[in-house]
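Chemist: A structural model of the following input is requested.
(chains A, B, C and D)
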2 protein chains.
Amino acid sequence: MSPSLREERKIRTSATIAAAALDLFAARGYAAVTVAEVAAAARVGERTLYRYFADKEDLLFAEDDGWRASLRAAIEQEPAGDPPFTVLRGAAATLARALEDRREEVRRHGEVIASAPALAARERAKHAAWEADLAEGLCVRGVAAGEARLLGRITVACFDEALTRWLAQDGPHRTLGAELDAAFAELAALAT
Amino acid sequence: MSPSLREERKIRTSATIAAAALDLFAARGYAAVTVAEVAAAARVGERTLYRYFADKEDLLFAEDDGWRASLRAAIEQEPAGDPPFTVLRGAAATLARALEDRREEVRRHGEVIASAPALAARERAKHAAWEADLAEGLCVRGVAAGEARLLGRITVACFDEALTRWLAQDGPHRTLGAELDAAFAELAALAT
DNA sequence: TGCCAGTTGGCACCAGCTGCCATTCGGCAA
DNA sequence: TTGCCGAATGGCAGCTGGTGCCAACTGGCA
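Modeler: As a prediction, this is how the structure comes out:
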């Protein structure tokens, strides 16, 4: 059941388009690049591009679906008896480990996103989806909905702050996992 | 120095357009209403509408600038010696008090926003701005940037959760202030 | 009264996005 | 090898969001 030639090509086409888009956006700015130019750079018709990506923004966010799935899987694999917040901290740590060796990629991506308000907004919407996934993962374990949502929000807040600090450092840097631990520790110290 | 006839008209025109937009969006859905229709309903040219509002989304978010200013003012008015998190909790409580008697308005607004992903994303971006304001307010008081950002994020997370719970109740309901206190209390209990 | 500055809205135009349709291409069976 | 089917492609027309430009209008003031 190896992927057929058709499927292979679809995957390759999608990756080509996304790569061309990121290159152009990084070089000239998101707003200054038209979808037609991205399509041309990827040697694809504009109409075809829109079959692979829902809209212009999606060129930068399509692959996030995969990470979202990883996050959901990470929650499920946490030990069954752990207290709720421990579960979410564990899931966040797993996601952090998956990002650990892709720092430059994440930074480059983040720079493009920060350059356009609409993209920053969508980035935030992604966090909302994460929060919902975390909350859902706790609800399945019997945690009350309100508490689950609050914990999801808190966890994403800490994760995002850890990501910010991780990317802000120049040269040698602490790991994302270390930043995440630090953020959670700070939270515990400050929340009381 | 009462407002001139010109200024009065501008304010009234802006309010008329925003009201027409909310009515149309609530009645027929955000996506199904064109900007031209909003302009026509407000008896204004489309080009004029775009002088009052930056884009279609802005029709729903323009007045948030005022609340953002209130939030900044609220931070400044917190006692000087208070610990950082106490300052932010106080500012959040002030904002909550300002919203307390506009529940139906907030709910109606929220329903329209929840109906379109792009609007939900922008709502989240608004929270990012709040977080930045809160962090800035702490930095001015000498708090380290990283800690200030983290506290800003946590505070907004609790506020947003409190807002969610406040709006979710039917019939008689607890106050937003009470929900906010509850969320902060839960945080303190769960974070350790 | 007449002028100035701010406000308005029509028009042209570009970019994002979609439905439709003809063409092309991979995969399979005769 | 050939021929067929369904999937993938891309061109085209068309709508909506958004902007620059310019001409007409209006309130305010000398």
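Chemist: Figure out how far stretch A:124-131 is from the centre of its chain.
Modeler: 9 Å (Cα atoms, centre = their mean, to the nearest Å).
Chemist: And stretch A:21-31, by the same measure?
Modeler: Here the centre of stretch A:21-31 is set off from its chain's centre by 19 Å, with Cα atoms, centre = their mean.
Chemist: buried sites along that stretch?
Modeler: Applying a neighbour-count criterion of 16 or more other Cβ atoms under 10 Å in any protein chain shown, one finds A:21, A:22, A:24, A:25, A:30 buried in stretch A:21-31. Just so you know, the C-beta spots here come from the backbone N, C-alpha and C atoms, and that holds for glycine as well.
Chemist: contacts for it?
Modeler: A:33, A:37-38, A:41-42, A:59-60, A:108-109, A:111-112, A:115-116, A:119 (Cβ atoms under 8 Å, 6 or more residues apart in numbering or on different chains).
Chemist: show me the contacts for the closest residue to residue A:36 other than its chain neighbours.
Modeler: Closest residue in space to residue A:36, ignoring its immediate chain neighbours: residue A:46 at 5.3 Å, by Cβ to Cβ, 6 or more residues apart in numbering or on different chains. In this structure, residue A:46 makes contact with A:35, A:36, A:39, judged by Cβ under 8 Å, 6+ apart.
Chemist: Can you flag which of the residues you listed belong to helices?
Modeler: For the contacts of residue A:46, the ones inside helices are A:35, A:36, A:39, with DSSP state H as the criterion.
Chemist: Do I have it right that the first one meets residue A:48?
Modeler: Right, residue A:35. No. At 11.3 Å, residue A:35 and residue A:48 do not qualify as touching, with contact defined as Cβ atoms under 8 Å.
Chemist: Can you read off the pLDDT for the residue in chain A positioned nearest to DNA strand D?
Modeler: Going by Cβ to the nearest atom of the strand, DNA strand D is nearest to residue A:45 of chain A, at 2.5 Å. At residue A:45, the model reports a pLDDT of 97.
Chemist: One more: residue A:170?
Modeler: We have a pLDDT of 87 for residue A:170.
Chemist: gap between it and residue B:12?
Modeler: Residue A:170 is 52 Å from residue B:12, where distance means Cβ to Cβ, to the nearest Å.
Chemist: Nearest to chain B among the ones in helices among the contacts of residue A:46?
Modeler: residue A:35 (16.9 Å; Cβ to the nearest Cβ).
Chemist: any idea how far residue A:129 is from the residue nearest to the spatial centre of chain A?
Modeler: In chain A, the residue lying closest to the centroid (Cα atoms, centre = their mean) is residue A:64, at 5.0 Å. Distance, residue A:64 to residue A:129, using Cβ to Cβ: 9 Å.
Chemist: same deal with residue A:18?
Modeler: Taken as Cβ to Cβ, the span from residue A:18 to residue A:129 is 19 Å.
Chemist: go on, residue A:105?
Modeler: Taken as Cβ to Cβ, the span from residue A:105 to residue A:129 is 20 Å.
Chemist: More neighbours: which of those two?
Modeler: residue A:129 (14 against 11; other Cβ atoms under 10 Å in any protein chain shown).
Chemist: ok, that one - contacts?
Modeler: Neighbouring residues of residue A:129 by Cβ under 8 Å, 6+ apart: residue A:68.
Chemist: which SSE is it in?
Modeler: helix A:117-140 (DSSP states H and E).
Chemist: and that helix, which residues are buried?
Modeler: Within helix A:117-140, the residues that count as buried by 16+ other Cβ under 10 Å are A:118-128, A:130-135, A:137-138.
Chemist: what do you get for stretch A:183-192?
Modeler: Buried-residue list, stretch A:183-192, by 16+ other Cβ under 10 Å: A:183, A:184, A:186, A:187, A:190, A:191.
Chemist: Which member of the residues you listed is positioned nearest DNA strand C?
Modeler: Of these, the one sitting nearest to DNA strand C (Cβ to the nearest atom of the strand) turns out to be residue A:183, at 34.1 Å.
Chemist: surely the closest one meets residue A:161?
Modeler: Yes. Judged on Cβ under 8 Å, residue A:183 makes contact with residue A:161 at a distance of 5.1 Å.
Chemist: What segments of chain A are strands?
Modeler: With DSSP state E as the criterion, chain A has no strands.
Chemist: residues from it in reach of DNA strand D?
Modeler: Chain A comes close to DNA strand D at residues A:6, A:9, A:10, A:13, A:43, A:44, A:45, A:46, A:47, A:48, A:51, A:52, as judged by Cβ under 7 Å from any atom of the strand.
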